Structures are given as structure tokens and as C-alpha cells.
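Undergrad: what's the 3D shape of this:
(one chain, ligands or ions: 2)
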Amino acid sequence: MATKPAYIAADVVEKYLGYTTLIPLLERALINFSSGREGGVVQPIRTIVPVSKHKGFLGVMPAYSAADDALTTKVVTFYENKTSSELPSHQATVLLFDPTNGILKAVIDGKVITDKRTAAVSTIATKLLKSPHAEVLCILGSGAQALSHYQAFTQQFSFTEIRIWSRTRENAERFAEAAGGKIRICSTPQEAVTGADVIVTATMSTKPVLFGDWVKPGAHINAIGACRPDWRELDDTLMKNSVLYVDSKEAAAKESGDIVISQAAIKAEIGEILKGTQPALSDKTTIFKSVGMAIEDTVSAKLVYDSWTKNNEN
Ligand SMILES: NC(=O)C1=CN([C@@H]2O[C@H](COP(=O)(O)OP(=O)(O)OC[C@H]3O[C@@H](n4cnc5c(N)ncnc54)[C@H](O)[C@@H]3O)[C@@H](O)[C@H]2O)C=CC1
Ligand SMILES: O=C([O-])C1=[NH+]CCC1
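TA: Ligands and ions are numbered 1, 2, ... in the order given. The predicted structure is shown next:
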């Protein structure tokens with residue numbers, strides 16, 4: 001008789017998903033993804049079901065990695081009009097299957113996986129694309145992604161100044177308290193961005209919050225939000241005057257309003273830079289437009305499951 005699937009809750013995921021372990025696994029996954037058939041990644045474009053009546057979306061994100069022999073699907077919901085400040089705008093669950101026979105092995109909380117794997121991939125892009133002299137980090141937004149990016153970036157880099165802007169000062173102050181480090185709270189996005197070497201946009205905005213005229217030449221931008229074809233975070237000036245990298249060319253060209261509307265040309269996938277088949281033009285102004293990939297959830301969920309199994313063996 002088949003055993004019941006394990007349930008792995010958010011606090012356990014948090015315990016096993018450290019950036020130092022996760023980052024090299026994701027680097028390998030990005031390379032495999034960008035290697036076509038040879039890379040052994042099967043990842044169709046995700047299905048998104050709009051729940052227009054409630055300003056929400058349900059996304060289904062399946063993937064298989066031959067290199068990891070791991071099979072998962074994430075189910076993620078995201079809502080524009082949160083009904084409660086207690087409720088996160090994004091909620092997710094990852095189902096992990098035995099790839100040999102299709103048995104469901106684990107139901108894993110997907111919220112922490114989503115927050116951390118996204119920040120880890122931005123860290124990888126930033127290592128490749130930032131100026132070697134980068135000192136100032138700016139984060140626009142103060143939600144879950146803003147916090148995971150702050151945590152990953154402060155662990156992996158040594159910025160001398162970190163700035164944040166959020167729509168309300170109260171939100172920015174709450175963020176600074178949760179982050180716990182020295183953070184400069186800025187009153188306007190322009191103040192936060194001016195002179196910054198690395199910028200993270202992590203908002204639910206549907207209109208540009210970051211304008212090319214504000215951005216220091218040579219800066220690197222990680223654009224995390226605007227995952228719908230009619231949503232924007234970056235304006236046309238910035239999109240057209242920067243070198244544009246993405247996680248998945250196919251997905252970004254379909255899902256990212258910043259690309260769909262501006263018609264900016266994509267230079268390469270981050271996996272192609274890691275493979276050495278495309279250059280990292282770090283002396284130019286660069287954008288990493290992240291839409292999020294199922295394969296990132298697959299390797300993260302496998303890491304969590306394997307660590308959990310090891311620690312629960314008698
Ligand atoms: N690229 C990827 O892999 C992923 C991207 N995302 C996207 O990242 C973005 C942030 O996600 P979370 O931090 O989880 O959401 P969140 O709800 O925790 O935080 C959203 C932040 O955006 C701000 N915001 C909302 N509307 C705004 C507006 N019009 N102008 C400026 N700021 C605004 C909020 O005040 C808050 O600070 C979302 O667009 C989300 O869909 C989320 C998960 C993965
Ligand atoms: O990759 C992901 O999980 C998501 N990207 C945008 C919303 C959720």
C-alpha cells in the first residue's frame with residue numbers, strides 16, 4: 001500500500017533552504033534549462049488562470065529535471081487586492097512526485113520556496129552583471145520579495161549603503177525593523193534610485209515605478225514584479241537603453257509587460273551567461289527581468305525534501 005505523502009510546513013522549509021546551498025543548485029538548473037534537450041529540463045510555460053472578479057490569479061508551474069531526477073508542480077495564487085494585511089498576496093504549494101512511478105511523495109509549503117529561490121536567482125544574476133565596484137543597493141517595495149532579496153543580498157554581497165522606498169513610510173519602517181540592518185528609508189523612488197549601483201524592483205505595481213532617467217549608467221537592475229503582460233515596473237526609456245537578460249526568453253516574452261509593451265530586445269538568458277555562450281556585459285546598464293521558473297521550485301523542493309528525509313530517518 002502506498003504511504004501517505006509527507007507534509008512539509010513553512011518553518012521546516014525555512015530551516016533547510018539556505019542560500020549557500022541553494023545558489024549552486026540553481027546555477028546548475030539555470031544552465032540545464034538554457035541547454036535545450038541536452039539539459040534535461042522539461043518546463044512548459046506556466047498556465048495562469050485569471051480570477052478577475054477578485055483581482056487574483058492562479059498559476060500552475062510543472063517541471064521535471066533529469067539531472068536531479070525530480071518532478072514537481074507548484075500551484076501559486078496571487079491577488080492584487082489583498083483582503084487582509086495578515087494574508088500574503090502570494091500563496092503557494094509545491095507537490096513533489098516520485099518520478100519513477102508518479103506517486104505523490106510530499107506536499108511542501110511553497111511560499112518560502114518562492115521567496116527564497118527568486119532572491120537566490122537574482123543574486124546569481126547580480127554576481128554576473130553588477131559593476132565590481134558596486135556599493136549602493138536600492139530596493140523598491142517592502143513586501144516578501146523585497147525582504148528575501150535584502151536577506152540574500154546582504155548575505156552574499158557587501159554593500160556600503162542600502163536604501164529602501166515603499167509607498168508608505170510606515171511600510172518602509174516595518175521593513176527596516178524586520179530586516180534588522182542599517183537601511184536608509186527614502187521618501188521618493190527617485191531619491192532611492194539616484195546613484196544606486198544595484199536596484200531591485202519588487203512591487204505589485206502595474207505601472208512603471210522605475211524610470212531610466214533616474215538610473216546611474218552601468219547600474220544593474222533586478223526586475224522581479226510585473227509578471228503579467230499588461231503590468232509594468234520599468235519605463236520604456238530604461239527598457240530600451242539597457243542590456244536585457246531574462247530567466248526564460250520564452251516565458252519573459254509572453255508574460256512580462258515590461259518586455260511585451262516596450263518591445264525591448266532580449267540579449268540572453270542568465271543560464272547562457274553561466275554556460276559561457278553569452279557575455280555578461282557588466283560595464284553596461286543591465287536588467288535581469290525575472291518572471292520565475294518552475295525548475296527553480298523543483299530543485300528547491302528536492303533540496304528541502306532530501307534534507308527533511310535525512311533528518312527524519314530513524
Ligand atoms: N520573478 C519571480 O520569480 C517572482 C515575482 N514575484 C512578483 O514580485 C512582486 C512582489 O511580490 P511580493 O513581494 O511577494 O508581494 P507583496 O505583496 O509582499 O509586496 C508587494 C509590494 O509592492 C508594493 N506595491 C503594490 N502596489 C504598488 C504600486 N502601485 N506602486 C508601488 N509599490 C506597490 C506594496 O506596497 C508592497 O511593498 C509581485 O509583482 C510578484 O508577482 C513574486 C514571486 C516570484
Ligand atoms: O514564479 C512565481 O512563482 C511567480 N512569479 C510571479 C508570480 C508568482
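Undergrad: show me how far stretch 246-256 is from its chain's centre.
TA: 13 Å (Cα atoms, centre = their mean, to the nearest Å).
Undergrad: nearest spatial neighbour of the residue of the stretch 151-300 of the chain found nearest ligand 1, skipping sequence neighbours?
TA: Evaluated by Cβ to the nearest ligand atom, the stretch 151-300 of the chain has G292 as its residue closest to ligand 1, separated by 2.4 Å. (Each C-beta comes from the backbone N, C-alpha and C, glycine too.) Among residues not flanking G292 along the chain, T118 sits closest, at 6.0 Å (Cβ to Cβ, 6 or more residues apart in numbering).
Undergrad: could you measure from the residue lying closest to E80 once chain neighbours are set aside over to K74?
TA: Sequence neighbours aside, K55 is the residue nearest to E80 in space, at 4.1 Å (criterion: Cβ to Cβ, 6+ apart). From K55 over to K74 the distance is 21 Å, taken as Cβ to Cβ, to the nearest Å.
Undergrad: tell me which of those two has more neighbours.
TA: Set side by side, K55 and K74 show more neighbours around K74, with 25 against 12, by other Cβ atoms under 10 Å.
Undergrad: is the more buried one in a bridge, and if so with what?
TA: M61, V94 (DSSP bridges).
Undergrad: now do the contacts for the most centrally placed residue in the chain.
TA: The chain has T118 as the residue nearest its centroid, 2.4 Å off, counting by Cα atoms, centre = their mean. Going by Cβ atoms under 8 Å, 6 or more residues apart in numbering, T118 touches Q145, S148, H149, I224, S290, G292, E296.
Undergrad: quick one: which of the residues you listed sit in strands?
TA: Among the contacts of T118, no member falls in strands (DSSP state E).
Undergrad: just the buried residues from those residues, in ChimeraX please.
TA: Remark: buried members of the contacts of T118, expressed as a ChimeraX selection using 16 or more other Cβ atoms under 10 Å:
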select :145,148,149,224,290,292,296
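Undergrad: so which of the contacts of T118 reach ligand 2?
TA: G292 (Cβ under 6 Å from any ligand atom).
Undergrad: can you name the residue of this structure nearest ligand 1?
TA: As assessed by Cβ to the nearest ligand atom, ligand 1 sits closest to G143 within the chain, at 1.9 Å.
Undergrad: quick one: contacts for that residue?
TA: The contact partners of G143, by Cβ under 8 Å, 6+ apart, come to S89, A202, T203, M204.
Undergrad: equivalent analysis for N222, please.
TA: Contact analysis of N222 by Cβ under 8 Å, 6+ apart lists S122, A125, T126, H149, V198, I199, V200, T201, I287, F288, S290.
Undergrad: show me the shaky parts of the stretch 51-200 of the chain.
TA: Where the stretch 51-200 of the chain drops to pLDDT under 70, the residues are 82-85.
Undergrad: quick check: residues of it near ligand 2?
TA: Applying Cβ under 6 Å from any ligand atom, we find that the stretch 51-200 of the chain lies next to ligand 2 at G59, V76, F78, H90, T114.
Undergrad: now A152, nearest residue through space, not along the chain?
TA: Excluding its sequence neighbours, the residue lying closest to A152 (Cβ to Cβ, 6+ apart) is A119, at 3.9 Å.
Undergrad: hmm, that neighbour is touching I139, no?
TA: No - here A119 lies out of contact with I139, judged by Cβ atoms under 8 Å, at a distance of 10.9 Å.
Undergrad: between the two, what contacts are shared?
TA: Joint contacts of A119 and I139 (Cβ under 8 Å, 6+ apart) are H149.
Undergrad: keeping just the C-alphas, turn stretch 92-111 into CSV.
TA: Output in CSV follows, covering the C-alpha atoms of stretch 92-111 (Å, rounded to 0.1, in the frame of the first residue of the first chain):
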residue,chain,number,x,y,z
ALA,A,92,1.9,28.6,-2.9
THR,A,93,2.2,24.8,-2.5
VAL,A,94,4.7,22.5,-4.2
LEU,A,95,3.8,18.9,-4.9
LEU,A,96,6.8,16.6,-5.2
PHE,A,97,6.3,13.3,-7.1
ASP,A,98,8.4,10.1,-7.3
PRO,A,99,9.5,10.4,-11.0
THR,A,100,9.8,6.6,-11.3
ASN,A,101,6.1,5.8,-10.6
GLY,A,102,4.2,9.1,-10.2
ILE,A,103,3.5,8.6,-6.5
LEU,A,104,3.0,11.9,-4.6
LYS,A,105,5.8,12.0,-2.0
ALA,A,106,5.4,15.4,-0.4
VAL,A,107,3.2,18.4,-0.2
ILE,A,108,5.6,21.3,0.6
ASP,A,109,4.7,24.8,1.6
GLY,A,110,5.7,26.9,-1.5
LYS,A,111,5.7,30.4,-0.1
